[in-house]
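1. Task: produce atomic coordinates for the following.
(chains A, B, C and D)
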There are 2 protein chains.
Amino acid sequence: MPTINDVAKAAGVSPSTVSYVLSGRRPISAETRARVQAAIAELGFHPHAGARALASSKTNVIALVAPLRVDVNVPVIMQFATAVVTAARSFNHDVLLLTKDEGTAGLERVAHSTMVDALILMDLERDDLRIPALRKLKQPSVLIGLPADHTGIACVDLDFAAAARVALTHLAVHGHRRIGLVGPSPAVYRRQTTYADRFLTGFLETSVDLGLQTVTHPCEPGAEGVRSCMADLDAELAGLTALVVHNEEALRPLLDLLHATGRRVPEDVSVVAVCPRDVATAMPVHLTSIDIPAHDVGTLAVETVIRLLDGRRVEYTRLLAPSLVERESCREISSSHR
Amino acid sequence: MPTINDVAKAAGVSPSTVSYVLSGRRPISAETRARVQAAIAELGFHPHAGARALASSKTNVIALVAPLRVDVNVPVIMQFATAVVTAARSFNHDVLLLTKDEGTAGLERVAHSTMVDALILMDLERDDLRIPALRKLKQPSVLIGLPADHTGIACVDLDFAAAARVALTHLAVHGHRRIGLVGPSPAVYRRQTTYADRFLTGFLETSVDLGLQTVTHPCEPGAEGVRSCMADLDAELAGLTALVVHNEEALRPLLDLLHATGRRVPEDVSVVAVCPRDVATAMPVHLTSIDIPAHDVGTLAVETVIRLLDGRRVEYTRLLAPSLVERESCREISSSHR
DNA sequence: GCCCATCGTCGAAGCGCTTCGACGAATTTT
DNA sequence: AAAATTCGTCGAAGCGCTTCGACGATGGGC
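-> Residues are numbered from 1 along each chain as shown, chains lettered A, B, ... in the order given. Next up is the predicted model:
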């Protein structure tokens, strides 16, 4: 491997000049620059990342802490990861992948040993123990999610409260007055993953605002979970004409159940789902849905990290506006049914 | 951040002694070691990764090159990634996540700049362009997959040929003689992802060996793809009593189709799937399946990397034996049907 | 009781890069 | 025309660690 000294010799300049050509931090004459670049190309020189990090205190690496359990929402996680890596590369950074289960220790390890310049975390809980740890690090962090006390830490997410509002409003506009929410699994509530609460709050507020009759229920995964969730919803509010589903795993078995019990979608019951676009269109009835813009959120997280590293100002809470796409699972209710 | 010098002063020893305590490369007396460790703990010392890499030419980081397109088999990819990160951590290594779409350039970038000690790649194609590039790197690499010419590069994967053999044999033992293969999508064949070929080869060989009548067909994703695939299979071989499905995405729509056309599983048609365990059990009929042992493969890949880094010998081709788990989708065929 | 090997520690060199101050030369200002 | 800037480059220091050779102190073999 050639070093910066080899390049310097080949180009007939000093090593520092090569460094300045690379970084652009000082003016270099066009000829010199050309000679240096030629030497770099010819020798196939790549600066040694460790040496660079040591000298400059910058690694150009971002840590991404992902929940690598397989129980959660795999495709969405994957989309976040993709977006983060791609965006990071576009800013000339790389991504170090950590698992959530290393917990606080993992964050401190990579931060203290100066392996990364910044951290992006996903799957935050309401009172996430990692937050106080993050505050103590010299590296900035960006959260994908919105825990309770995130003072001083930038957060990026879909605006789940607004998403609930949009979903409900869409149904209300189409004449629905009795609406059920099929929520995430109890495990998600138990973990206090904040999007569940935010969605629920938005849902309840909007149903008051619009004068709707609504019921809500978490929903265990699997056919059995869906069955009992629907039973509960039906029991608590007769004559449901629409369902909002905030539970990706439940979607498929829910549709199966509705089908099996002779409730047609959308003729008998309208459905609005919150899920990635492709999940919505993979269903037998293409679902009217609110997309989880994982790609946008991931990209925004990286942009925020970069701004932070550049010392620029950032908004500490960025909630992306939800967008509802109409497909085939909602229908207008005739006034006689209202 | 305290440095090794700070620790040395606090413990009243020289920096090199601290280093030897950390690495264990020279004998250190028990008292000295204790004092040093106390100082490390008290100061919260973490060695600077860059400095370490520079001085020792070791980063303790492994690159993982993953296909982050969303079209392929997301859960399996995710399981590989999880396994790799977890296993790497257990050997005190971290994982740098790269996307396949950076191609050869990405590999060279991280290798030449000494960001990683080794590379693990997944989603290899038959004549993958990255292989020659890998050969030129000073870092060793391990492939998850089995491209055509992988001389000198360690490969780890499920033995897909054996998997096909096991699937067919299972069906044959249960009396099936006319069997169809629902293969991966044509896109997978086109990309020459090698597992498709290996499975197909094993399938054809075994059907000859066992004297079975078989037909095979790739299968486009979605309900439409499944329909036309089944139509083709039925047209080419009447009286199919069993299906081997080597296509995760097709599984669900396939079962829907069979249901819709009145072919009961397993009464009218038996099914053996090749897919992760949880996918098999998520279906309405729990499928007899051959697991894709993503976790084992990922772990083995890391173990191989570590051996390579330690200069130990490794087997250059490690194909994991498939294991079939019986569930509810296969039944014995009475001899009258044979 | 002497020689050698081993043990435990230290000092210094060096890994490859960035960055700061310095310094002629060229250019502008007064 | 002299003084002050700016431009383009260099040399050297230093980032924090590992590792090699050296060296006094022990201990064993004879």
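2. where do the strands sit along the stretch 101-250 of chain A?
-> Assigned by DSSP state E, counting those that start in this stretch, the stretch 101-250 of chain A shows strands spanning A:118-122, A:141-144, A:154-158, A:178-182, A:213-217, A:242-245.
3. Which elements pack onto the second one?
-> In this structure, strand A:141-144 makes packing contacts with strand A:118-122, strand A:154-158, helix A:294-309, judged by 3 or more C-beta pairs under 8 Å, 6 or more residues apart in numbering or on different chains; DSSP states H and E. Yep, even glycine has a C-beta here, placed from its N, CA and C like the rest.
4. Off-centre distance for the longest one?
-> Mean-position distance between helix A:294-309 and its chain equals 10 Å (C-alpha atoms, centre = their mean, to the nearest Å).
5. got the angle for it vs strand A:154-158?
-> Interaxial angle of helix A:294-309 relative to strand A:154-158 (axes from the mean of the first three to the mean of the last three C-alpha atoms, to 10 degrees): 170 degrees.
6. what does the stretch 201-338 of chain A put close to chain B?
-> By C-beta under 8 Å from any C-beta of the partner chain, the part of the stretch 201-338 of chain A that sits against chain B consists of A:222-223, A:252, A:256, A:278, A:282, A:284.
7. export those to TSV and tack on secondary structure and distance to residue A:199?
-> Shown next, in TSV, are these (DSSP: H, G, I helix; E, B strand; the rest coil; distance: C-beta to C-beta, whole Å):
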residue	secondary structure	distance to residue A:199
A:222	helix	21
A:223	helix	23
A:252	helix	20
A:256	helix	24
A:278	helix	20
A:282	coil	22
A:284	coil	25
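8. among those, which ones are buried?
-> A:223, A:252, A:256, A:282 (16 or more other C-beta atoms under 10 Å in any protein chain shown).
9. Could you list the residues of the stretch 51-200 of chain A in contact with DNA strand C?
-> The stretch 51-200 of chain A has residues A:51-52, A:54-56 near DNA strand C, with proximity defined as C-beta under 7 Å from any atom of the strand.
10. Just the buried subset of those, written out for ChimeraX, thanks.
-> To isolate the buried ones among those in ChimeraX, judged by 16+ other C-beta under 10 Å, type:
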select /A:51,52,54
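11. and the two most separated of the residues of the stretch 51-200 of chain A next to DNA strand C?
-> Using C-beta to C-beta, the two most remote members of these are A:51 and A:56, lying 9.2 Å apart.
12. Could I get the contacting residues of residue A:213?
-> Neighbour list for residue A:213: A:177-179, A:207, A:237 [criterion: C-beta atoms under 8 Å, 6 or more residues apart in numbering or on different chains].
13. again but with residue A:118, I slipped
-> A:62-63, A:139-142, A:305, A:308-309.
14. go on, residue A:204?
-> A:214, A:216.
15. What distance do you get for it to residue A:274?
-> 16 Å (C-beta to C-beta, to the nearest Å).
16. what comes up buried for stretch A:165-174?
-> A:165-168, A:170-172, A:174.
17. can you list contacts of the helix or strand of chain A with the lowest mean pLDDT?
-> Within chain A, no helix or strand scores below helix A:186-191, which has a mean of 82 by mean pLDDT, DSSP states H and E. Here helix A:186-191 makes contact (C-beta under 8 Å, 6+ apart) with A:71, A:125, A:183, A:196-197, A:218, A:220.
18. Sort out which of those residues are buried, if you could.
-> Judged by 16+ other C-beta under 10 Å, buried ones among the contacts of helix A:186-191: A:125, A:183, A:196-197, A:218, A:220.
19. Smallest gap between the stretch 201-338 of chain A and DNA strand C, at which residue?
-> residue A:309 (13.0 Å; C-beta to the nearest atom of the strand).
20. In chain A, where is pLDDT below threshold?
-> A:70-72, A:335-338 (pLDDT under 70).
21. among the buried residues of stretch A:165-174, which two are most distant?
-> Pairwise distances across the buried residues of stretch A:165-174 peak at 15.1 Å for A:165 and A:174 (criterion: C-beta to C-beta).
22. what sits against the residue of the stretch 201-338 of chain A closest to DNA strand C?
-> Shown in contact with residue A:309 (C-beta under 8 Å, 6+ apart): A:117-118, A:140.
23. go on, residue A:218?
-> So residue A:218 contacts A:183-186, A:188-189, A:229 (C-beta under 8 Å, 6+ apart).
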